[in-house]
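Chemist: The amino acid sequence is not available; the structure is as follows:
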């Protein structure tokens, strides 16, 4: 890989990269007495429509009530959502921005989670925000990446992308974006260590 400061734009995924402890389905299943595997399987059919913004969470929970036969109050995906910062990656974002580099968030998310993150101060570490539910496009779609490049007016060779999902990394690399799959190891901090000197 090139020197970590050789790029003009850095796109970081949010969940399991900049923040951690983002999973909610296990806690929801315990709280409501749902079978976790059944809830997980059901949710997997609705995750992308939620992230693309084509359905809202209220509609999804009405479906769950009908499908699983248990009354659900509010939005459990928000009620049980309590992420924490991932300090090594936050430090990288701050160091890049201190060096005058543009750092943006490119995240598959949905409106209530995004609003929770905004209200709790998790979005201020970025220069710009690209959320799937606002764009109407989710990773790993090629359009997710080309939309950001068009908005940022930057060419592919000048972009570095970090995400935790292999399919998103594969999609970014397929259009020529230098990418790193993050997994809470020391690889990413080691790669960016040169920016702290």
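Modeler: Received the coordinates, thanks. Just so it is clear, the structure is predicted and the values come from calculations on it, not from any experiment. Numbers count the residues shown, from 1 in each chain.
Chemist: so residue 126 touches residue 94, yeah?
Modeler: No. Checked against CB atoms under 8 Å, the pair residue 126 and residue 94 is beyond contact range at 10.8 Å. No exception for glycine: its C-beta is placed from N, CA and C like everyone else's.
Chemist: Tell me which of those two has more neighbours.
Modeler: residue 126 (21 against 12; other CB atoms under 10 Å).
Chemist: So the more buried one, which state does it fall into?
Modeler: State at residue 126, reduced to three classes by DSSP: H, G, I helix; E, B strand; the rest coil: coil.
Chemist: Read off the pLDDT value for it.
Modeler: Looking at residue 126, its pLDDT is 99.
Chemist: which residues does it contact?
Modeler: Neighbouring residues of residue 126 by CB atoms under 8 Å, 6 or more residues apart in numbering: 12, 93, 103, 104, 105.
Chemist: and which of the residues you listed is nearest to residue 58?
Modeler: Using CB to CB, residue 105 is the member of those that lies nearest residue 58, at 25.2 Å.
Chemist: strands paired with the helix or strand hosting that closest one, and their directions?
Modeler: Residue 105 is located in strand 102-107, with elements delineated by DSSP states H and E. In the sheet, strand 102-107 lines up against strand 9-12 (parallel), strand 128-131 (parallel) (DSSP bridges).
Chemist: Most tightly packed of those strands?
Modeler: A comparison of the strands paired with strand 102-107 by mean neighbour count, using mean count of other CB atoms under 10 Å, puts strand 9-12 on top with a mean of 24.
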